[in-house]
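> only geometry, no sequence info:
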């Protein structure tokens, strides 16, 4: 068995080498510096990048995937930022490693990387910025480190802090760096990529409702800005930035004016990185945090995609986008940041980092694939260690023809066609998922939702297979929600996913805003023309704070209240709410509620109705 594993390992490595050679158009990569050491596991494996082709089958393109950080070498290594230095044929990458800003370089197009090093150290070998200010946590955001190559050996690296930013400069292609200097207050390095050009800051648009702006100079002279769109209203109460979207704006007068933002995706896709190719095409990579369905086992799927503009950023070919990587993980453990560069042979290198329980692996016995990109995992786990790691995909654009379909780009930016996509469809997948979960409150079984006054489509309460997780607000008190089926269903359990924990202590300075979870309610089923209680009327249902005290460390959005009962057969159930945790406070007053009792709200993140055996 061990012999077979070794044979498999050698075969996959051989295939990886063949694909690597194909990606490089027959030019084998070899280190320019034979003494270069690596901090990454020197393992590559063959994979494929898939290009969508409208309603036709995707086009598969050979590619190479690499793990460039050895699992376990650092607890957190994240936020990769790549630049290509043509004079040296060198890649330089900045990262955030266990809270420290560090650099590494590759002289063989990303196959191996030098040992990680601090940007600048004093005579005692200490870095000149405290670790705590570059922790990668919320006080500095997720774009703390930025790297720009200005040509002729000069580089700038920036670190963003809550009270401004720091700059380091190098004049010898990144070999040595001077001590830090304060960045100008007007230089918004915290939310801008490609922020310097010809020694001067690039003009960027001021866009209410957008952030994390990546600006690049197109070949025709236009400035193209990719922008992270704020979370749409219907998802805001969930308090997850995974719901941000992606848009594009173009300036044709060097940043004096900008076009209206052209929305590409309304939610779930962001963290863009753009690169200009020799022929003038623009390639933009980005992360996919939402918009893929869950696996049949209930894991969330994440990915890295790329899209091309053939007209200097004015339009983008969404119908023929590229799927670079795909994997599954627990909910909300999504990737951060992409960084894409063009290599001299016309190929592309895209780096990203992902949060994953990366095991300490036995190296050399089998071929790894930590992102699960369309190949089978073969690593043998020894011990689990939640970590962040960096993965790279070496790939090429498709040189051949594609069809002329425009269904996706012609659809509205907030449509399901734009934002929802199954990257690896399997016949019968959804029905298998439904059978395994036992939840029959799904549209595939004909479930339909009606409700008293709500802020959006009440059918958003239904599970959609994991593409997104919405929230519905009932806007009156009392309030009701009814789920019906075209045929009778046997049920014995209802799971309520109540409230929006993100609202706690946020709206009201006095701390009395609430998650608007139902407190007093009845669960009923319809028998002939009557509504019959499934359980005794509920009073003072469990609140989020009570649940959280017993479940420290769990995702707040996993809070649910389960009600079991003797099996019944019915075509409809309903929830009738007569009181919620909404106390009516919406301003700074703690004495006089601003919302009358009949207008107080109840928030529901979902209702699952379980089929009886």
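Yep, that arrived. Since we're looking at a predicted model, the values are computed, not measured.

> tell me, how many residues neighbour residue 249?
Around residue 249 there are 21 other residues, counting by other C-beta atoms under 10 Å. Every C-beta, even on glycine, is put in place using the N, C-alpha and C of the backbone.

> er, residue 158 actually
Other residues close to residue 158 by other C-beta under 10 Å number 24.

> tell me which helix or strand it sits in.
Using DSSP states H and E, residue 158 maps to strand 154-161.

> packing partners for the helix or strand that that strand is followed by?
Once strand 154-161 ends, the next helix or strand along the chain (criterion: DSSP H and E) is strand 164-170. Applying 3 or more C-beta pairs under 8 Å, 6 or more residues apart in numbering; DSSP states H and E, one finds that strand 164-170 contacts strand 154-161, strand 181-182.

> got the angle for the first one vs strand 164-170?
Read it as strand 154-161. Going by axes from the mean of the first three to the mean of the last three C-alpha atoms, to 10 degrees, strand 154-161 is angled at 160 degrees with respect to strand 164-170.

> could you give me the average pLDDT of strand 154-161?
Averaging pLDDT along strand 154-161 yields 80.

> would you map the helices across the stretch 401-550 of the chain?
407-410, 416-419, 429-437, 544-550 (DSSP state H, counting those that start in this stretch).

> residue 541 reaches residue 522, doesn't it?
No: taking contacts as C-beta atoms under 8 Å, residue 541 lies outside contact range of residue 522: 11.3 Å.

> tell me the contacts of residue 613?
residue 492 (C-beta atoms under 8 Å, 6 or more residues apart in numbering).

> mind checking how far the nearest residue to residue 412 once chain neighbours are set aside is from residue 290?
Sequence neighbours aside, residue 418 is the residue nearest to residue 412 in space, at 6.9 Å (criterion: C-beta to C-beta, 6 or more residues apart in numbering). Using C-beta to C-beta, to the nearest Å, one gets 13 Å for the distance from residue 418 to residue 290.

> over to residue 330?
Taking C-beta to C-beta as the measure, residue 330 falls 14 Å from residue 290.

> these two - which one has more neighbours?
For residue 330 versus residue 290, neighbours defined as other C-beta under 10 Å are more numerous around residue 290 (25 against 13).

> what's the closest non-adjacent residue to that one?
With C-beta to C-beta, 6+ apart as the criterion, residue 290 has its nearest non-adjacent residue at 3.3 Å, and that residue is residue 268.

> isn't that neighbour up against residue 287?
No: using C-beta under 8 Å, residue 268 is not in contact with residue 287, being 9.2 Å away.

> in the protein, which residue is closest to the centre?
Nearest to the mean C-alpha position of the chain, by C-alpha atoms, centre = their mean, lies residue 289 at 2.7 Å.

> ok now do it, which residues does it touch?
Residue 289 makes contact with 242, 268-270, 302, 334-335 under the criterion C-beta under 8 Å, 6+ apart.

> pLDDT-wise, what's the bottom of the residues you listed?
Lowest in pLDDT among the contacts of residue 289 is residue 334, which has 80.

> from residue 270, how far out is that one?
Going from residue 334 to residue 270 by C-beta to C-beta gives 10 Å.

> which residues do the two both contact?
Here residue 334 and residue 270 have 287, 289 as joint contacts, going by C-beta under 8 Å, 6+ apart.

> and the two? Which one has more around it.
Using other C-beta under 10 Å, the more surrounded residue of residue 334 and residue 270 is residue 270, with 26 against 20.

> by contact count, what packs against the strand or helix carrying the more buried one?
Under the criterion of DSSP H and E, residue 270 resides in strand 269-276. Helices and strands touching strand 269-276, by 3+ C-beta pairs under 8 Å, 6+ apart, are strand 210-217, strand 223-229, strand 245-251, strand 282-288, strand 336-342.

> looking at these, which is nearest to residue 159?
strand 336-342 (14.8 Å; C-beta to C-beta).

> helix/strand/coil for residue 353?
strand (DSSP: H, G, I helix; E, B strand; the rest coil).

> correct me, but residue 598 touches residue 476?
Yes: between residue 598 and residue 476 there is a contact at 6.2 Å, judged by C-beta under 8 Å.

> tell me which of the two has more neighbours.
Just comparing residue 598 and residue 476: by other C-beta under 10 Å the higher neighbour count belongs to residue 476, 17 against 8.

> please name the nearest non-neighbouring residue to residue 554.
Nearest non-adjacent residue to residue 554 (C-beta to C-beta, 6+ apart): residue 548, at 7.8 Å.

> mind listing what that neighbour touches?
By C-beta under 8 Å, 6+ apart, residue 548 lies in contact with 501, 554, 556, 559.

> what's residue 122 sitting at in phi/psi?
In terms of degrees, to the nearest 10, the main-chain angles of residue 122 are phi -80, psi -170.

> what's near enough to touch residue 209?
Counting by C-beta under 8 Å, 6+ apart, residue 209 touches 229-230.

> and residue 85, what does it touch?
Contacts of residue 85 by C-beta under 8 Å, 6+ apart are 91-92, 149, 153, 155, 173-174.

> likewise for residue 151?
Applying C-beta under 8 Å, 6+ apart, no residues contact residue 151.
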